[in-house]
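Asker: This is a predicted model, with the sequence first.
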Amino acid sequence: MAQIHPSSIVHPDAELADDVYVGPFCLIGPKVRIGAGTRLRSHVCVEGRTVIGSGNVVYAGASIGCDPQDKKYAGEDTELFVGDNNVIRENCTLSIGTVQDHGVTRVGSGNLLMANVHVAHDCLVGDNTIIANNVALAGHVTVEDYAIVGGQTGVHQFVRIGQHAMVGGASGVLRDVPPFVICSGNPCGPSGLNSVGLRRFGYSDQTVRGLHHAYRALYREGLIVKEALEKIRAIAEEFPEGKEQILAFADFVAASPRGVIR
């Protein structure tokens, strides 16, 4: 049976796994489901149609499944899904989705959301990301796997941040950030390839070299995007070990409706 502090209020319709821990002064609504081993440390509010997976730790003051900060929201029964083994630090806010999008906000597994992070309605956060203190993700933002977003950064609506990208602190991200790229500033601009992070993750030297060539084609050779993409796809054939990653870089840029940082 879940361990629930007597000062907390848990709606009888909420579904909690047997080993969930609910610390003091928490509030859990009727449409909430919480998986095995998840711990709500204290003063946590979980509401809305919210599913939280297993092994998560949620710190004091977090508001999970709160209403969207969107004037169009009219009480629709939209959703929030949070995966497994996330650490959600103090005062984070994670909103449910809106019917103007797919009606769901998703946060994957293995993420670290530091204090005061805001994940707005309809965001899609992948796995194993690090989102530092006071980051604000506006509505409909996508953050792909293993991305890092530095503290005090604001991310504009509908922006995508690619896998293994690193955004420096106090940045203003107005356009898409391609995978594997380091960027910073307001407005945010590219400053290189995340070579150290890629090698730490285990990518081969050949893969990193190929991605360096792709980065230069997009950012250092004065090519328009169409020309750069043609060159990057040719580069992918020259680096078979890194072909998948190089093509992922190219496909991300090609599919960018907002345009990428330049």
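Answerer: That came through, no problem.

Asker: May I have the predicted confidence score for the residue sitting furthest away from the middle of the chain?
Answerer: Most distant from the centre of the chain: Pro6, at 33.9 Å, with distances by Cα atoms, centre = their mean. As predicted, Pro6 sits at a pLDDT of 98.

Asker: Distance-wise, check it relative to Asp205.
Answerer: 58 Å (Cβ to Cβ, to the nearest Å). To be clear about C-beta, it is placed using only N, CA and C from the backbone, and glycine gets the same treatment.

Asker: next one: Glu238
Answerer: Counting by Cβ to Cβ, the gap from Glu238 to Asp205 is 14 Å.

Asker: same check, this time on Val87
Answerer: From Val87 to Asp205 the distance is 32 Å (Cβ to Cβ).

Asker: More neighbours: which of those two?
Answerer: Applying other Cβ atoms under 10 Å to Val87 and Asp205 shows that Val87 carries more neighbours, namely 16 against 12.

Asker: ok, how many other residues are close to Ala17?
Answerer: Residues near Ala17, counting by other Cβ under 10 Å: 16.

Asker: Surely it touches Ala2?
Answerer: Yes. With contact defined as Cβ atoms under 8 Å, Ala17 reaches Ala2; the gap is 6.9 Å.

Asker: which one is Val20 nearest to, not counting chain neighbours?
Answerer: Once flanking residues are discounted, Val20 sits nearest to Ala2: 4.3 Å by Cβ to Cβ, 6 or more residues apart in numbering.

Asker: Would you report the backbone torsion angles of that neighbour?
Answerer: When quoted as degrees, to the nearest 10, the phi and psi of Ala2 stand at phi -60, psi 140.

Asker: List the buried residues in stretch 103-113.
Answerer: By 16 or more other Cβ atoms under 10 Å, the buried positions in stretch 103-113 come out as 103-111, 113.

Asker: now stretch 187-196
Answerer: Across stretch 187-196, burial judged by 16+ other Cβ under 10 Å covers 188, 190, 193-195.

Asker: Show the pLDDT at the residue nearest to Val20.
Answerer: 96.

Asker: Tell me the spacing between it and Asn85.
Answerer: 19 Å.

Asker: partners of the residue sitting nearest the centre point of the chain in the sheet?
Answerer: Centroid-nearest residue in the chain: Val125, 2.9 Å away (criterion: Cα atoms, centre = their mean). Listed beta-bridge partners, Val125: Val107, Val143 (assigned using DSSP bridges).

Asker: Is it in contact with Val107, as I believe?
Answerer: Yes. Here Val125 reaches Val107: they are 4.5 Å apart, a contact under Cβ under 8 Å.

Asker: what sits in contact with each of the two?
Answerer: Residues touching both Val125 and Val107 (Cβ atoms under 8 Å, 6 or more residues apart in numbering): Val119.

Asker: how deep is Gln206 tucked in, by neighbour count?
Answerer: Neighbours around Gln206, by other Cβ under 10 Å: 14.
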